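# Turn this into a structure:
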Amino acid sequence: MDGILYGFEVALTPENLLWVLLGCLIGTVTGLLPGLGPTATVAVLLPLTYRMDPASAIILLAGIFYGAMFGGRIPAILLNLPGDGASVITTFDGYPLRKQGKAGSALAITAIGSFIGGTVAIIGITLFAPVASQWALRIGAPELFTLALLGMILIAVLAEGSVIKGLIGAGIGILIAVIGLDNFTGAQRFTFGADELMDGVSIVPLAVGLFGVGEILVDAERRFFRSKLAKVDSFWPDWKALTKVRGAIARSSVLGFFLGLIPGGGGAMASVVAYGAEKRFSKEPEKFGKGAMDGLAATETADNAASNSSFVPLLTLGIPPNPVIALIAGALIIHGITPGPQLINSNPEIFWGVIASMYIGVVVLLIMNLPMIGLFVQILRVPAAILNSVIITIAVCGVYSVRNSLFDVFLMFFFGIIGYGLKKLRIPPGPLILGFILAPIMEAELRRSLRISDGSFSIFFERPISVSVMAFIGVMVLSMVVPWKKVFRRTPVAAGGPDSPARPGATAQVADPPERESRADSDRDAEASSRTGEGGGKE
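Below is the predicted model of the structure:
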């Protein structure tokens, strides 16, 4: 308690309050611009922190990170433009809700869900950071592989309508993911001699092309020049809908916190796992992908919880779990501070000051975003022809800015055409992008695990966490393969039961078909023999 109170003394100074506000503002703008992302923003601003106080520098960079996660939902919901892997899942239900005229409620509920998820994660950091960091150390290659495999299995669950089409989309995503240099051998894979493909396909042109450009092409086919805007609902939270999704927010907050501790996990994996888990919990799973508010809330809540909890490995162990946290670790090193177990004793103003500033930051983001929902929704009042032109312009600039590559812009349009084709074939693009995100993790951790075990697959069944995840995967596969509804279909009622034919007025509605046929045959034989007997008597 003394530590967090000291942290608030550091964070509530006028100078650091200004850096919290500035970081949240820059982060929100970063999330609004697809393709920019927190990694590029933090990298660009890193030199500006050289002359800043170390605590102020980390507070600013941290605010940019979780602010970008908070703001990334806005273009994903309103324009179907995901800026990174984590916000891809937001488009699954966010954009359908926007087309149903529920953009205001979607933005409000995701803002509240993001706030709750982030707050739960910060409380977890405050109370359980040392314990949680020790738990995260137990997560090795086998555990990461099983978690990625679980995500792959969830792809089938996320498929809209057809599991086969979902797996086809995932297969395409996996094929795209293997393009580039092999991380272990350095061999080229599916580059076809193109130097631009040696680094692989970036998530930004793929996601923006599939979802943004692909949707624009579909709208063009529907003559969007004549389309009308669906009526926009209230710009404030729908408390009835918020009550319905409170369970999803609570579950995803806890799940996102723990997945954020895992190196290589982060917001993208947390979004995938939380979305799939919530579909299992939902009473209306058929609505997922068509405008399920609980699915949208689960995704954004887990994303923000994972983003905040990803600071735990850095502050307690000195291990950066994702590229943005790695840049923040670099900022600490530049200031002559080594992140790790001694940080809480050697530099408590940084350890507790950053945690306290995150409490302030999530409140600032909520206050900043809720009143501006009406302003964000006004984007939808722009005529469709102009709006789609603006979207294309933003998409081109955003994609180009990631790697300063015109080749990525061409890739974006290429994947836009593929996205249009998937829509026409009714193959959901979601599994494709999830396969693309999870395939590199799954491949790398599988190969590391097999190297550790000298090629033996028994390593996945010798560790408690990986065994638990594998058991859960087995249950999920059985639930999809075994037709449980047929297994538990009503069986014949025993004689003397309430529907037994022995009772007057009862009908034999549940007898087995073979039994019915045998009884009918025996009745026909008896009737035929009696007729024969009558005929013989007459003769």
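# need the strands for this structure, in chain order.
180-181, 188-189 (DSSP state E).
# Check those for me and report the most buried one.
The highest mean neighbour count among the strands of the chain, using mean count of other CB atoms under 10 Å, belongs to strand 180-181: a mean of 16. Using the backbone N, CA and C atoms, a C-beta is placed for each residue, glycine as well.
# so what strands line up beside that strand?
With DSSP bridges as the test, strand 180-181 is paired with strand 188-189 (antiparallel).
# what about Glu15, how many residues close to it?
11 (other CB atoms under 10 Å).
# and it, what does it touch?
By CB atoms under 8 Å, 6 or more residues apart in numbering, the residues touching Glu15 are Asp53, Ser56.
# go again using 10 Å as the cut-off
By CB atoms under 10 Å, 6 or more residues apart in numbering, the contact set of Glu15 is Met52, Asp53, Ala55, Ser56, Ile59.
# now, which of those residues sits nearest Ala148?
Relative to Ala148, the closest of these is Ile59; by CB to CB it sits at 33.0 Å.
# If you drop the residues flanking it in sequence, what lies closest to that closest one?
Ser357 (4.4 Å; CB to CB, 6 or more residues apart in numbering).
# That neighbour reaches Phe65, doesn't it?
No: using CB atoms under 10 Å, Ser357 is not in contact with Phe65; the gap is 11.7 Å.
# Quick check: neighbours shared by those two?
Contacts common to Ser357 and Phe65, judged by CB under 10 Å, 6+ apart, are Gly23.
# Relative to Pro205, how far out is Leu25?
Separation of Leu25 from Pro205 (CB to CB, to the nearest Å) stands at 27 Å.
# Give me the more crowded residue out of the two.
Set Leu25 next to Pro205 and count neighbours by other CB under 10 Å: Pro205 wins out with 28 against 17.
# hang on, the more buried one packs against Val409?
Yes: assessed by CB under 10 Å, Pro205 is found in contact with Val409 at 7.2 Å.
# Mutual contacts of the two, please.
Common neighbours of Pro205 and Val409 (CB under 10 Å, 6+ apart) are Ala395, Gly398, Val399, Tyr400.
# Which of these has the largest number of neighbours?
Neighbour count (other CB under 10 Å) singles out Val399 as the most crowded of the shared contacts of Pro205 and Val409, with 28 neighbours.
# Now do it, the pLDDT please.
Looking at Val399, its pLDDT stands at 80.
# Counting neighbours, which bits of stretch 420-432 end up buried?
Tyr420, Leu422, Lys423, Ile427, Pro428, Pro429, Gly430, Pro431, Leu432 (16 or more other CB atoms under 10 Å).
# Relative to Ser310, which of those is nearest.
Gly430 (23.9 Å).
# Hmm, Ser271 and that closest one touching each other?
No: with contact defined as CB under 10 Å, Gly430 does not count as touching Ser271 (11.2 Å).
# Report the set of residues contacting both of these two.
Val88, Ile89, Phe92.
# what's the closest of the residues you listed to Gly171?
Nearest member of those to Gly171, counting by CB to CB, is Val88, at 17.5 Å.
# State the distance from that closest one to Tyr359.
Note on Val88: its distance to Tyr359, by CB to CB, is 29 Å.
# and what of Tyr50?
27 Å.
# which of these two has more neighbours?
Tyr359 (19 against 10).
# Skipping adjacent residues, who's closest to that one in space?
Ile122 (5.7 Å).
# could you point out where the stretch 251-400 of the chain is predicted with low confidence?
263-267, 317-320, 323, 341, 374, 376-382, 384 (pLDDT under 70).
# before we move on, back to that, who wins on neighbours among the contacts of Glu15?
Among those, Ile59 has the most neighbours (other CB under 10 Å), with 29 neighbours.
# and the residue nearest in space to the middle of the chain, what is it in contact with?
The centroid of the chain falls nearest to Ser271 when counting by CA atoms, centre = their mean (2.3 Å). Ser271 makes contact with 85-90, 92, 151, 252, 256, 259, 298-304, 306, 434, 437, according to CB under 10 Å, 6+ apart.
# Check Val396 too.
Counting by CB under 10 Å, 6+ apart, Val396 has contacts Gly35, Val208, Val213, Leu406, Asp408, Val409, Met412, Phe413.
# distance of the closest residue to the fourth one other than its chain neighbours from Phe415?
Distance criterion CB to CB, 6+ apart; nearest residue to Leu406, sequence neighbours excluded, is Tyr400 at 6.7 Å. Using CB to CB, Tyr400 is found at 15 Å from Phe415.
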